[in-house]
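J.: Sequence and computational prediction follow.
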Amino acid sequence: MSVSDVKKYIERKEIKVVFIADDVKNLTEFGIFHNTTFSLMIAAQELGLRVFLTETNNLKIINNEIVSRFDEVVVKREVSNHLKIISSSELSLDSFEIIFARKDPPVDSNFLSYLQILSILPPHVLVINNPCGILRANEKLYVFNVPSFIPITLVSSNKKEIIDFLQEHKEVVIKPLFHKGGEGVLYLKADDDFSSTIDESLSNYQRIIVQKYLPDVMRGDKRIILFNGEPVGGIIRIPKPGEFRAHISRGASFKQLTLSKRDLEICTALKPFLLRDGIYFAAIDIIGDYLIEVNVTCPANLYETEQSIGKPLTKMLVEWAVKLSTSCEELAVNNAKS
C-alpha cells in the first residue's frame, strides 16, 4: 500500500488510534513541543484519525475482555490549551485498530503488568511496540545482541567486581537498568572517593550496568530513529556545560546527524532483532563508534529529529502504522475463514 493508498484508506474508513500514556494531560510548554507521544497524537489527528487517550492504571480485564476508560481528544500545540476532551467512555481495547503503548520507565510491577495485559490482545490489534518485545528488550541490555558494537561493559550486583572494573578502566559510567532520562547515571573516576556512591547505587537498583567512559560524549551522542529496523534520521545531542548526560530534557542542544558507515553497520546488525521482537519504533544511542542503548519502551526525540532533517517523521510513522494495521486486519479475517 502506497502513501496515497494509505490516505485514501483513512478517508473511507474510520480509524481509531489510542495512545496509552501517563504524562500527556499535564504537559509543560517544553513537553508540548518536544514530547514524542504528543507529536504522534498531533500527526494522527492531522491525518484524519480519531485520537483516544488512556492511562496505564485504567487498564483492566472484565469478563475476559481488556477494557479501559478512554478520552477522545483534540490536540494542538498551544500552552495551557493543548488537549480538549470530546467524550469519555469505557471501551474494549480490541475495538481499536492501532495502539501506541507509550508508558515511560521505570520498569516496575505496574509497568510489567500493563505490558502483560497488552500481550494478550488478539493479533488483529496492532500495538506499537509489541508488548512481548518490550518485555524481552531491556533498553540497556538489548545492546548485547550485537556485542561487537558496544563498549567494554560489566553488568553486576557485586561491589568488588565493579571496583575492579573501575580500577582497570580508570573512568566509567554506571547506570540503573530500569530507568530513563539519565536518572541514576553517574560518572566515576578511579582516584575519586567512589565507595559510598557504588553502595548507594547498588542499594537503590540492586544490579547496575558499568561501561568504560567514552570521552566522545562531550562532542555529543548520536540519537538515531529507526522505523521497522530502518534508520530514518538522527540528531547529535550535545551536553550542556558541566554535564556529561546528553539528554535534551537536561539542557542538551542538538543538531542534525549525518549517519556514518559505522552507524549504518550498527543499524543493520540490530535490524533482525528488532523485527523479531516487533520493535517497530526504536531510538538508539551511539557515542563515537559504540552502541550504548536501544530505546524501545517510549522512544523520544522524534520531534527534534524531524525538525533537524526536515522530514515529517511523525506522519510517516502514523501512516506506516495504518498500513501495517490493514495487514493485521486481513490476517484476522483469513484466520477466521480457515
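T.: Received the coordinates, thanks. It should be emphasised that the depicted structure is a prediction, and the values quoted were computed from it without experimental measurement.

J.: now the strands for the stretch 101-250 of the chain?
T.: 126-128, 153-156, 171-176, 186-189, 208-212, 221-227, 230-238 (DSSP state E, counting those that start in this stretch).

J.: Tabulate the ones you listed (CSV), appending mean pLDDT, mean neighbour count and distance to I117.
T.: In short, each C-beta sits where N, CA and C put it, glycine included. Output for the strands of the stretch 101-250 of the chain, formatted as CSV (pLDDT from 0 to 100; neighbours: other C-beta atoms under 10 Å; distance: least, C-beta to C-beta, whole Å):
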stretch, mean pLDDT, mean neighbour count, distance to I117
strand 126-128, 96, 23, 11
strand 153-156, 97, 17, 29
strand 171-176, 94, 21, 25
strand 186-189, 92, 16, 34
strand 208-212, 95, 21, 28
strand 221-227, 97, 24, 26
strand 230-238, 96, 20, 30
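
J.: so where is the stretch 201-338 of the chain shaky, pLDDT-wise?
T.: 328-338 (pLDDT under 70).

J.: How about the stretch 1-150 of the chain?
T.: 1-13.

J.: need the helices for it, in chain order.
T.: 3-12, 29-34, 36-46, 109-118, 131-136 (DSSP state H, counting those that start in this stretch).

J.: Which neighbouring elements make contact with the third one?
T.: Packed against helix 36-46 by the contact rule (3 or more C-beta pairs under 8 Å, 6 or more residues apart in numbering; DSSP states H and E) you find strand 16-20, strand 50-54, strand 65-75, helix 302-309, helix 313-337.

J.: Can you tell me how far the residue positioned nearest the centre of the chain is from F165?
T.: Among the residues of the chain, P299 comes closest to the average C-alpha position under C-alpha atoms, centre = their mean, at 2.1 Å. To F165, P299 is 29 Å away according to C-beta to C-beta, to the nearest Å.

J.: returning to that earlier point: mind putting the strands of the stretch 101-250 of the chain in JSON lines, distance to S113 included?
T.: As requested, the strands of the stretch 101-250 of the chain are exported to JSON lines (distance: least, C-beta to C-beta, whole Å):
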{"stretch": "strand 126-128", "distance to S113": "15"}
{"stretch": "strand 153-156", "distance to S113": "25"}
{"stretch": "strand 171-176", "distance to S113": "20"}
{"stretch": "strand 186-189", "distance to S113": "30"}
{"stretch": "strand 208-212", "distance to S113": "24"}
{"stretch": "strand 221-227", "distance to S113": "28"}
{"stretch": "strand 230-238", "distance to S113": "32"}
